[in-house]
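**Q** Only the shape, not the letters, is given here:
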């Protein structure tokens with residue numbers, strides 16, 4: 001198990017919220033969340049923000065090209081941490 005910094009944990013929040021996190025990264029994040037109240041608060045805010053965005057923009061279709069570029073950027077960012 002890898003010990004995450006708060007910055008590393010925050011980079012995983014949206015993948016966690018989308019249930020796209022599994023294996024070691026998920027275990028690492030969960031272990032960090034057990035001991036870090038600050039990140040727990042930030043995750044709660046991220047949950048609220050995620051729910052707000054999904055509610056407000058549920059009807060808006062995201063162009064495939066945009067979604068692909070965003071996912072690639074997120075993948076690169078998670079690999080850098």
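**A** Done, it's in. The structure presented is a predicted model; accordingly, all values stated were derived computationally and were not measured.
**Q** Would you point out which residue is most central in this protein?
**A** Nearest to the geometric centre of the chain sits residue 14, at 2.0 Å (CA atoms, centre = their mean).
**Q** what sits up against the one helix or strand it maps to?
**A** Of the helices and strands defined by DSSP states H and E, residue 14 is found in helix 6-17. Applying CB atoms under 8 Å, 6 or more residues apart in numbering, the contact partners of helix 6-17 are 4, 21, 25-26, 28-29, 32-33, 36, 38-39, 42-43, 46-47, 50, 74, 77-78, 81. Where C-beta positions appear, they are placed from N, C-alpha and C, glycine not excepted.
**Q** Give me the distance from it to the chain's centre.
**A** 4 Å (CA atoms, centre = their mean, to the nearest Å).
**Q** Quick check: buried residues in it?
**A** Under the neighbour-count criterion of 16 or more other CB atoms under 10 Å, helix 6-17 has 8-13, 15-17 buried.
**Q** Most widely separated two among the residues you listed?
**A** Spatial extent of these (CB to CB) is set by the pair 8 and 17 at 16.1 Å.
**Q** Show me the helices in the chain, by range?
**A** 6-17, 23-35, 37-56, 64-80 (DSSP state H).
**Q** and the last one, what does it pack onto?
**A** Identification of packing neighbours for helix 64-80 by 3 or more CB pairs under 8 Å, 6 or more residues apart in numbering; DSSP states H and E yields helix 6-17.
**Q** do the same with the longest one
**A** In terms of contact count using 3+ CB pairs under 8 Å, 6+ apart, helix 37-56 is assigned the packing partners helix 6-17, helix 23-35.
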